[in-house]
Structure formats: C-alpha cells, structure tokens
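Student: Quick check, what structure comes out for this input:
(2 chains)
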Amino acid sequence: MDVLRRSLLSLAFLGLTAASALAQSPRAITVASTTSTEQSGLFKHLLPRFTAKSGIEVKVVALGTGQALDVGRRGDADVVFVHDKAAEEKFVAEGFATIRHEVMYNDFILAGPNADPAGTRGADVLGALRKIAAAKAPFISRGDRSGTHAAELRYWSDAGVDLAAVRGDWYREIGQGMGPALNTASASNAYVMTDRGTWLSFKNRGELAILVEGDRRLFNQYGVMLVNPAKHPHVKAADGQAFVDWVVSPDGQRAVADYKIEGQQLFFPNAAGAGRS
Amino acid sequence: MLDTIVSAFALIGRLDGDVLSIAALSLRVSVCAVLCGGLIGVPLGALVAVVRMPGRGAVIAVLNAFMGLPAVVVGLVVYLLLSRSGPLGAAGLLFTPSAMIIAQTILITPLMAALTRQLVEDADRELGEQLRSLRLTATQRARILAFDARFSLAVVVLAAFGRAVSEVGAVLVVGGNIAGHTRTMTTAISLETQKGDLPLALALGFVLIAIVLAVNAAASGLRWHAMRAYG
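Tutor: Residues are numbered from 1 along each chain as shown, chains lettered A, B, ... in the order given. Below is the predicted model:
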C-alpha cells in the first residue's frame, strides 16, 4: 500500500500547486459581450490599451446579445457591452443598469452567393429581403436572440414579410453565433445577414460576397452598461465604471477608430462626450 | 479539404506561446479534474463492487448510465449552481478555471466509479472468497482489491483524462472561453472553427491529439516501470 499512498500524496501535492497557479490576479473585471466584438478582434486591440493604463484586467465572455444581457441580469458580469438598443433599454428599465452609454457603431451587410440568384444586389435591404422571400432562396438566420438576429427580424418585419406565413425550407434558423452562420451560408450558398466586422475577419467565405451594403437602416449601434451594484452588490463597480468611462473617453474612442482589418475601419466611435468627428 | 490539412500542418510549426499557455491550462484543468474524480470515483466504485446491499443493481445502473452524461447539461447545471444568482454564487467561481474543474469532475466521476466497479468486481471474483474468510471488512476488502487491480486502474485514469481533455460543452458554458483565463484547447478549436479559420482550428486539433498521445505514452511507460519494480 505504501506505493499507492506515496503516489497519491505526490499527486495531491501536484494538484494543489496546479490549483494555486490558477489563482486570479486581484484587479480584474468580467465583461459580457457579443461574438461580433470578440471574433472581429476588436477586444484584442482595445483591452491591452485599457489594462496598460488602468492596471485592471478585463475578462471577456463572448455570447449573443440576449445571452450576454442574461449573464448581466444574473450578476455574473460587471459590465455588458452589446448591440441591441431595445433590449438594452429594457435592461436599464428593469433596473439591472442605471445608465446606458452609446460607444460606437458598425454596419450590417447582406452577404450571399456571388451569382445572386434572387437579384438582391444594391443598397436596399428591405427590397432585397422581399426578393429573397419571393424567390424562396436559401437564407441562414442566427436564430439565437443575438443583436444581429434581433436586427434581422426587424428588417423582415419592416419589409412587410410575415415570416410566420412564408417561412419554409428556405429559411433556416441555426441557433448559433455569427461565425457558424457564415460557415453554414458558405457551405450551402445561402444568403445571410452579418455585421461587417465579423465578415471582414471571416476566412472561410467560399462563394459568398457582399450583396447589400450602405443602406442607412443597416446602422448597428453598440452600447455599454455597468451592471447595477444595487442589484448585485458584488459587482466591481469602481473598476467596471473605470472601463465604461475609458471606452467612451477620447482615448478609448480613438482606440476604437484605430482598429482596422485589411485597411478598413470596422467600428466608428460615437460616444456622446467624445464629439462626432 | 487537402488544402486545409496541408496548411494546418504548416501552421503547427508557427504556433506561438499563446497556444502553449492554452495547452497548459487544458492539461492543468483536466489533470485536476481526474485527480478529484479519482479521489471520489475510485473508492466509490471499489466499495460498490464489494458491498452487498439492497438497491445495488440500481446504483450500478445509474453509475453506468452516467458514464454518458451530456457535457452541455453538466455545464448548464454547474453554471446555474455557480452563477451569482445561484446557491453557490457567493464563491464567485463562475468563469474561472476552478469552475471548469468542478464541471469536469462531475462529468468523469461516474465514469471512473463505473469502470473501477467493474475491475474490482472482477478481482473480487478471484480473491473475494479468501478475503471474506479472513473476516476483513468491506472497506478493507475494497482497498486490497483496488490495490490488486492498480495497473488496470491506470486505464480508468487515462479514459477519464481523455474524456475531460477532449470535452468542450461543459468548459465552454462554465468557463466562458475567456482569452488568457479560461480558453482551453477545445474551446479555442471551437472558436477558430466559428471564425472560419479552419486550418488554424485543425492545427490546434492536431496539437491536442499529440498532447493526449504523449500523456498516454508517458502513462504506459510509467506503468511498465512500476510493473517491473513492484509487480
């Protein structure tokens, strides 16, 4: 039995050292955000700048907007950074945040097969959706309560297309993030609504191309909120507020504007205090 | 398809320190989980093997069935437990490596218990009569039989490690895939797949398989030496 006891002891010791090595640094906040900001690489660009300045580490959990807000509601994040104005205002109205700050915007695009069988090419998103529905051309929907999904549903209803009535095999809800939606569209040559940031950093495009862009309706606003410490007392209010303040400060806004992929600016800062330059 | 595989192999040479720390986290989390799972599962399995009690068949059926616990469900339950609004929320463990260890421990404990139960029961069939004639208690018999089956138990540990390190559903939900904190090999692979960077995802996959192979090789080496020294 000695061998067993000795090896168990040394294993337990190993486990303890490993566990202590996993200990967290003291000043860190958790931000619940969206797949579009994480997967486009924006946070990789922003966070080191903020951490260098403040000494606060930022841990980002990237989810769909609806899920990210739920994580905030449960008190599992200190800050939420998402893009669905209506849902964010509801979050504030419920008292889970006291104030919502606008940070930046990017835009949605409609991507689809380069051959464009439904003839959607142009700058009119509502017309394009009507044509897709009329042609019953394959369309991939996120179907995950994300900000992009909410926007897509809004466009359908603005276009006067009653999804419940016309949906069939051509309208496919995959219930996943932007990346999987693009992968699915690329594999099945379908139309898909995406934010430009994820599109630009997405590598597996296949036959997909941008078909509709530049419509003013495609504007996509991001907001940031500190989770209300009155609802969840353990929220790191000071450090979380420092992050919110920095993102909307001239310094943070400049960092947002600086982020480019292939020479293209992805996000356009428009926080209230920073002036719309 | 071929292109993707070729560029994946080309990428392996250029994987950087980030990948190393991700791989290290994967290893640490899974090793800790196997340790915790083993400390609970092995004694539990050995006891179930030797104790004759009413309802034993049901316990065995449950253990065997729970070998196939869906990882996402375990993740979800642990998430709800550890969430700030959940019963254990005060500990603040959600989105930390500890949360991932807890989830994986729950995932692999039934696996280790069920496999141990089978091994010890087989050993009991050979030696049980003698041990009972020595009037040893069930705990004593369980210990002796588990020790007797120790080299076979190594396979149980390896199977549990394999399940833990390759699992993505639970660690994704409770860890949050936070870069530099809770990003493991599997969640990184899933992230790169989502970003459409299939060659990088595949390259990471190859690295993960290599790690699992190396761990298994090291284990068989150890086992071989141990068998020669103490067998």
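Student: Can you show me the CA trace of stretch B:67-86 as PDB?
Tutor: In PDB, the C-alpha atoms belonging to stretch B:67-86 read as follows (Å, rounded to 0.1, in the frame of the first residue of the first chain):
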ATOM      1  CA  MET B  67     -20.800   7.500 -17.900                       C
ATOM      2  CA  GLY B  68     -22.600   9.100 -20.800                       C
ATOM      3  CA  LEU B  69     -23.600  12.300 -19.000                       C
ATOM      4  CA  PRO B  70     -24.100  15.000 -21.700                       C
ATOM      5  CA  ALA B  71     -21.300  17.600 -21.100                       C
ATOM      6  CA  VAL B  72     -23.500  20.600 -22.000                       C
ATOM      7  CA  VAL B  73     -26.100  19.600 -19.400                       C
ATOM      8  CA  VAL B  74     -23.400  19.200 -16.700                       C
ATOM      9  CA  GLY B  75     -22.100  22.600 -17.800                       C
ATOM     10  CA  LEU B  76     -25.500  24.100 -17.500                       C
ATOM     11  CA  VAL B  77     -26.200  22.700 -14.100                       C
ATOM     12  CA  VAL B  78     -22.800  23.800 -12.800                       C
ATOM     13  CA  TYR B  79     -23.400  27.200 -14.400                       C
ATOM     14  CA  LEU B  80     -26.800  27.600 -12.500                       C
ATOM     15  CA  LEU B  81     -25.200  26.500  -9.300                       C
ATOM     16  CA  LEU B  82     -22.100  28.800  -9.500                       C
ATOM     17  CA  SER B  83     -23.900  31.800 -11.000                       C
ATOM     18  CA  ARG B  84     -24.100  34.800  -8.700                       C
ATOM     19  CA  SER B  85     -27.900  34.300  -8.600                       C
ATOM     20  CA  GLY B  86     -27.400  30.600  -7.800                       C
END
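Student: just how off-centre is it within its chain?
Tutor: Chain-centre distance of stretch B:67-86: 16 Å, with Cα atoms, centre = their mean, to the nearest Å.
Student: Can you tell me which residues in chain B are near chain A?
Tutor: Chain B comes close to chain A at residues B:28, B:31-32, B:35-36, B:83-86, B:89-90, B:92, B:94-98, B:101, B:143, B:147, B:150, B:176-182, B:191, B:193-198, B:226, B:230, as judged by Cβ under 8 Å from any Cβ of the partner chain. Where you see a C-beta, it was placed from the backbone N, CA and C, and this is true even at glycine.
Student: let's go with 6 Å and repeat that
Tutor: For chain B, the contact set with chain A under Cβ under 6 Å from any Cβ of the partner chain comprises B:28, B:32, B:35, B:83-85, B:94-95, B:97, B:147, B:176, B:178, B:181, B:194-198, B:230.
Student: Only whichever of the residues you listed are buried, select them in PyMOL.
Tutor: Buried residues within the residues of chain B next to chain A, by 16 or more other Cβ atoms under 10 Å in any protein chain shown, are selected in PyMOL with:
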select buried, chain B and resi 28+32+35+83+84+94+95+97+176+178+181+194+195+196+197+198
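Student: what's the pLDDT at residue B:168?
Tutor: With respect to pLDDT, residue B:168 has a value of 95.
Student: Out of the residues of chain B next to chain A, list just those in strands.
Tutor: Among these, no member falls in strands (DSSP state E).
Student: quick one: buried residues of stretch A:154-167?
Tutor: Within stretch A:154-167, the residues that count as buried by 16+ other Cβ under 10 Å are A:155-156, A:159, A:161, A:167.
Student: leaving aside the residues next to it on the chain, what's closest to the residue of the stretch 51-200 of chain A at minimum distance from chain B?
Tutor: The minimum distance from the stretch 51-200 of chain A to chain B, using Cβ to the nearest Cβ, falls at residue A:179 (3.0 Å). In space, and not counting its chain neighbours, residue A:179 is closest to residue B:194: 3.0 Å by Cβ to Cβ, 6 or more residues apart in numbering or on different chains.
Student: after the worst-scoring helix or strand of chain A on mean pLDDT, next one along is what?
Tutor: Each helix and strand of chain A was given a mean pLDDT (mean pLDDT, DSSP states H and E); the minimum falls on helix A:2-21 at a mean of 57. As assigned by DSSP states H and E, the chain's next helix or strand after helix A:2-21 is strand A:28-34.
Student: Point out the other helices and strands that that next one packs with.
Tutor: Judged by 3 or more Cβ pairs under 6 Å, 6 or more residues apart in numbering or on different chains; DSSP states H and E, the packing partners of strand A:28-34 are strand A:57-63, helix A:65-73, strand A:79-82.
Student: Any idea which of those gets closest to residue B:213?
Tutor: Across these, residue B:213 has its closest neighbour in strand A:57-63 (30.8 Å, Cβ to Cβ).
Student: can you tell me if the closest one touches chain B.
Tutor: Yes: judged by Cβ under 6 Å from any Cβ, strand A:57-63 and chain B are in contact via A:59, A:61.
Student: Export that strand to PDB, keeping only CA atoms.
Tutor: C-alpha atoms of strand A:57-63 as PDB (Å, rounded to 0.1, in the frame of the first residue of the first chain):
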ATOM      1  CA  GLU A  57      -7.500  43.100 -16.400                       C
ATOM      2  CA  VAL A  58     -10.600  42.600 -18.500                       C
ATOM      3  CA  LYS A  59     -12.100  39.100 -19.000                       C
ATOM      4  CA  VAL A  60     -14.500  38.900 -21.900                       C
ATOM      5  CA  VAL A  61     -17.200  36.300 -22.200                       C
ATOM      6  CA  ALA A  62     -18.500  36.500 -25.800                       C
ATOM      7  CA  LEU A  63     -22.100  35.500 -26.300                       C
END
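Student: from the middle of its chain, how far away would that strand be?
Tutor: From the chain centre to the centre of strand A:57-63 is a distance of 11 Å (Cα atoms, centre = their mean).
Student: what helices or strands is that strand leaning on?
Tutor: For strand A:57-63, the elements it packs on are strand A:28-34, helix A:35-39, helix A:42-54, judged by 3+ Cβ pairs under 6 Å, 6+ apart.
Student: try it again with 10 Å
Tutor: Where contact means 3 or more Cβ pairs under 10 Å, 6 or more residues apart in numbering or on different chains; DSSP states H and E, strand A:57-63 is packed against strand A:28-34, helix A:35-39, helix A:42-54, helix A:65-73, strand A:79-82, helix A:237-248.
Student: got the angle between the fourth one and strand A:57-63?
Tutor: By that I understand helix A:65-73. 130 degrees (axes from the mean of the first three to the mean of the last three Cα atoms, to 10 degrees).
Student: pull the CA atoms of helix A:65-73 into PDB?
Tutor: The C-alpha atoms that make up helix A:65-73 are tabulated as PDB, following Å, rounded to 0.1, in the frame of the first residue of the first chain:
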ATOM      1  CA  THR A  65     -26.500  39.900 -27.100                       C
ATOM      2  CA  GLY A  66     -29.600  38.300 -25.500                       C
ATOM      3  CA  GLN A  67     -27.400  35.800 -23.600                       C
ATOM      4  CA  ALA A  68     -24.900  38.500 -22.600                       C
ATOM      5  CA  LEU A  69     -27.700  40.600 -21.100                       C
ATOM      6  CA  ASP A  70     -28.900  37.500 -19.200                       C
ATOM      7  CA  VAL A  71     -25.400  36.900 -17.800                       C
ATOM      8  CA  GLY A  72     -25.600  40.600 -16.600                       C
ATOM      9  CA  ARG A  73     -29.100  40.000 -15.100                       C
END
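Student: Cheers, nothing more for now.
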